[in-house]
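*Asks:* generate coordinates for the sequence data below:
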Amino acid sequence: MPDTRPPGMAPPAKVAPVEAPDTRSLTTLAGAVVVVAGLYLGREVLIPVTLAILLSLVLAPLVRLLRRARLGRVGSVILAVLAALGVLVATGIVLGAQLAELAQSLPLYQHSLQRKVETLRQMTVGRLGEVLERFAGEVGRVPSAVPQVMPQRGAELPPLRVEVQEPALTPAQMAANLLSPLAGPLAQTGIVLVVTVFILVQREDLRDRLIRLFGSTDLHRTTVAMDDAAYRLSRFFLAQLSINLGFGAVIAAGLLLIGLPSPLLWGLLAALLRFVPYVGAILGALLPIGLAAAVDPGWSMALWTALLFLVIEPLIAHVVEPLAYGHSTGMSPVSVVVAAIFWSWIWGPIGLIISTPLTLCLVVLGRHVDRLEFLDVLLGDRPALTPVENFYQRALAGDPDEVQEQAELLLRERSLCSYYDEVALKGLALAASDVRRGLVTPDQLLRIRETVQEMAEGLGELADVDPPPASEEGDGARILRLSPAEQRLPASVPVRLPEPGEIPPAWRAAGAVLCVAGRGPLDESSALLLAQILGKHGIGARVVPHAAVSRREIGRLDAAGALMVCVCVVQMPGAPSHLRYLMRRLRQVLPGTPMVAGIWTGEAAPGEKLQESLEAHRVVRTLREAVLACAEVAMADAGNGSPPPAPA
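*Replies:* Sure thing, here's the model as predicted:
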């Protein structure tokens with residue numbers, strides 16, 4: 001059977017058998033189990049410490065403000081913690097009063113609620129029972145029940161009434177009964193406040209110790225990253241806390257106007273439950289709606305309460321929060337749900353409330369600490385694959401629609417030429433590397449070529465211009481969310497490329513520049529991209545496949561009107577002997593024509609030795625450089641009457 005593999009493609013590689021887990025994998029698994037067990041068993045200690053860290057991030061801006069007022073480090077920390085304690089005490093007093101008032105009024109609402117439940121039951125289950133009874137009467141007559149005659153017993157004496165009276169409680173016993181349920185929460189609160197004081201006072205020392213643990217090899221980068229992360233996280237948590245408290249205040253004011261009892265209680269409950277992702281707002285609305293149905297003999301109060309939540313929650317979620325800290329928290333939706341389940345399982349209700357801030361801290365660590373990068377991959381909202389890897393993976397799967405969708409996202413912040421240079425050509429380089437190793441089948445190679453061609457056709461109507469600069473977002477989740485163009489891509493540096501009107505007329509004709517493909521399996525695809533970019537800047541280009549410049553076919557090459565040649569090679573490992581011979585054949589057909597060698601690796605600037613060995617007018621690494629080289633020759637041709645001679 002003849003060999004149908006493309007030129008330069010190695011035989012298919014054999015698939016190695018599945019290996020047993022190595023020691024490193026087992027150690028990682030054991031470490032994960034130990035961490036989870038430690039979180040669960042040490043929750044009595046870890047919960048106060050975690051709450052203290054989060055509280056210190058919230059109080060950090062206030063401490064900085066007080067230090068600017070010349071109050072000193074320790075004085076500023078103590079004053080900030082006392083302010084937080086005062087807020088907690090005032091909140092506890094208000095909640096206690098609201099709960100006591102609600103407890104006294106609950107028996108009054110029980111009768112109204114029972115009536116409504118009975119009415120609903122009669123409207124649903126009662127009518128269904130009547131229908132079933134009529135149906136049973138039509139099918140057959142139900143025999144009447146035979147009355148049972150109970151045997152009469154002799155008269156019995158009434159039972160004696162026995163009362164047990166307990167002695168009156170002493171004041172000490174009453175105080176103990178009252179304070180015993182509050183002993184645990186008060187102790188936890190005290191521990192949290194004490195740890196918060198030490199964290200705020202020893203902030204720089206703790207930062208230095210973390211730098212020593214995670215980033216001692218690059219002190220400057222690690223210090224800047226940790227300071228920036230801590231500052232922006234504190235701003236984000238403070239903004240989130242302010243928004244949720246504002247939400248609770250609006251809900252409390254609305255419930256007060258509606259006439260619902262204990263509005264402050266339900267407003268605070270709504271604010272706390274809003275920290276719970278997705279379902280928190282729903283849970284915070286159910287209890288007030290149920291109480292409104294019990295208080296009001298009709299249904300108007302319950303409907304007004306439901307309408308209040310339906311209006312305020314979307315307004316906060318879709319208007320206020322995006323203005324405050326962006327549209328994203330930096331976490332994927334799946335990780336938010338999984339984190340809520342995990343932390344509620346480990347730490348109970350407190351873990352459920354702080355799951356989002358806690359997971360956000362882990363994502364920040366993953367993005368700034370190399371050893372913890374897996375946290376960003378697992379929990380972050382950035383794609384796990386880089387745009388280059390995503391391009392190659394989608395092209396390998398033969399999915400041009402997703403390739404074009406990714407391209408349109410990236411083109412919001414960079415030009416088409418930059419996208420081709422930074423994503424498409426590098427993705428083709430990955431594919432070419434796998435082709436040489438024999439990992440890509442002929443069918444997959446054909447799919448890659450067709451995907452690139454369809455992508456180029458889909459983007460053919462776009463102009464190659466730099467988009468306007470995006471507006472700056474405020475601090476907040478912007479610390480975590482990166483735009484698609486910034487996801488592991490270099491910053492796009494605007495470089496002015498020629499306008500179509502600046503190109504001489506002779507260079508606008510079709511075939512003025514021949515984009516010749518090398519012998520690699522994907523070189524022709526790169527030549528297609530170069531021809532498209534040249535055409536968008538007014539330079540007429542035509543793609544020449546490698547078969548047309550082979551030793552047998554080079555004599556029949558149609559080079560009429562060609563003013564320049566660009567040889568396109570996706571990746572060129574080792575000595576460029578085949579490229580040198582190809583350019584030699586082209587010089588025999590087109591003597592004196594400037595030739596550019598485009599080696600699309602983008603790794604480093606080409607050396608003079610490579611340019612001399614190829615005898616090329618210029619060696620370029622990107623499409624942008626190729627366009628500039630062609631424009632330079634075209635402008636010289638227009639000014640001097642002839643293009644510059646090729647190097648000897």
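
*Asks:* how is this protein divided into domains?
*Replies:* 203-379, 387-466, 500-640 (automatic domain parsing).

*Asks:* got the ones you listed as CSV, with mean neighbour count columns?
*Replies:* To be clear about C-beta, it is placed using only N, CA and C from the backbone, and glycine gets the same treatment. Below are these laid out as CSV (neighbours: other C-beta atoms under 10 Å):
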stretch, mean neighbour count
domain 203-379, 18
domain 387-466, 19
domain 500-640, 19
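
*Asks:* residue 312 reaches residue 254, doesn't it?
*Replies:* Yes - the criterion here is C-beta atoms under 8 Å, and residue 312 meets it with residue 254 at 7.2 Å.

*Asks:* before we move on, the earlier item: I'd like the domains of the chain as TSV, with distance to residue 189 and mean pLDDT appended.
*Replies:* Formatted as TSV, the domains of the chain follow (distance: least, C-beta to C-beta, whole Å; pLDDT from 0 to 100):
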stretch	distance to residue 189	mean pLDDT
domain 203-379	12	80
domain 387-466	47	88
domain 500-640	57	84
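
*Asks:* redo those domains as a markdown table? Include distance to residue 82.
*Replies:* Formatted as a markdown table, the domains of the chain follow (distance: least, C-beta to C-beta, whole Å):
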| stretch | distance to residue 82 |
| --- | --- |
| domain 203-379 | 18 |
| domain 387-466 | 47 |
| domain 500-640 | 58 |
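
*Asks:* any idea how far residue 355 is from the residue nearest the centre of the chain?
*Replies:* Central residue of the chain (C-alpha atoms, centre = their mean): residue 381, 1.5 Å from the mean position. Residue 381 sits 16 Å away from residue 355, going by C-beta to C-beta, to the nearest Å.

*Asks:* now do the phi/psi pair for the nearest residue to residue 578 once chain neighbours are set aside.
*Replies:* Leaving aside its chain neighbours, residue 578 sits nearest to residue 519 (5.8 Å; criterion: C-beta to C-beta, 6 or more residues apart in numbering). Main-chain torsions, residue 519, degrees, to the nearest 10: phi -90, psi 0.

*Asks:* with residue 544 instead?
*Replies:* According to degrees, to the nearest 10, residue 544 has phi -120, psi 120.

*Asks:* next up, the contacts around it.
*Replies:* Listed by C-beta atoms under 8 Å, 6 or more residues apart in numbering, the contact set of residue 544 reads 514, 515, 516, 517, 527, 557.

*Asks:* for the stretch 501-648 of the chain, just list every one of the helices.
*Replies:* 505-508, 523-536, 577-589, 608-614, 623-640 (DSSP state H, counting those that start in this stretch).

*Asks:* relative to residue 231, which of the ones you listed is closest?
*Replies:* Between residue 231 and the helices of the stretch 501-648 of the chain, the tightest spacing by C-beta to C-beta is seen for helix 623-640, at 37.0 Å.

*Asks:* what about the closest one, distance to the chain center?
*Replies:* On the basis of C-alpha atoms, centre = their mean, to the nearest Å, helix 623-640 sits 42 Å off its chain's mean C-alpha point.

*Asks:* got the contact list for it?
*Replies:* Under the criterion C-beta under 8 Å, 6+ apart, residues 417-418, 420-421, 425, 495, 497-498, 502-504, 506-507, 513, 529-530, 533-534, 537, 539, 563-564, 566, 594, 596, 598, 600, 617-618, 620, 643-644 lie in contact with helix 623-640.

*Asks:* picking that back up, next, format the helices of the stretch 501-648 of the chain as a markdown table and append distance to residue 368.
*Replies:* Conversion of the helices of the stretch 501-648 of the chain to a markdown table gives the following (distance: least, C-beta to C-beta, whole Å):
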| stretch | distance to residue 368 |
| --- | --- |
| helix 505-508 | 50 |
| helix 523-536 | 36 |
| helix 577-589 | 43 |
| helix 608-614 | 39 |
| helix 623-640 | 32 |
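
*Asks:* these two touch, right, residue 540 and residue 513?
*Replies:* Yes - Residue 540 is in contact with residue 513 according to C-beta under 8 Å; the separation is 6.8 Å.

*Asks:* overlap in contacts of these two?
*Replies:* By the contact definition C-beta under 8 Å, 6+ apart, residue 540 and residue 513 are jointly contacted by 507, 534.

*Asks:* spatially nearest residue to residue 361 (excluding sequence neighbours)?
*Replies:* residue 233 (6.7 Å).

*Asks:* that neighbour: which element?
*Replies:* In this assignment (DSSP states H and E), residue 233 forms part of helix 219-258.

*Asks:* mind giving me the packing neighbours of that helix?
*Replies:* helix 43-68, helix 203-214, helix 263-273, helix 280-295, helix 300-315, helix 321-325, helix 355-368 (3 or more C-beta pairs under 8 Å, 6 or more residues apart in numbering; DSSP states H and E).
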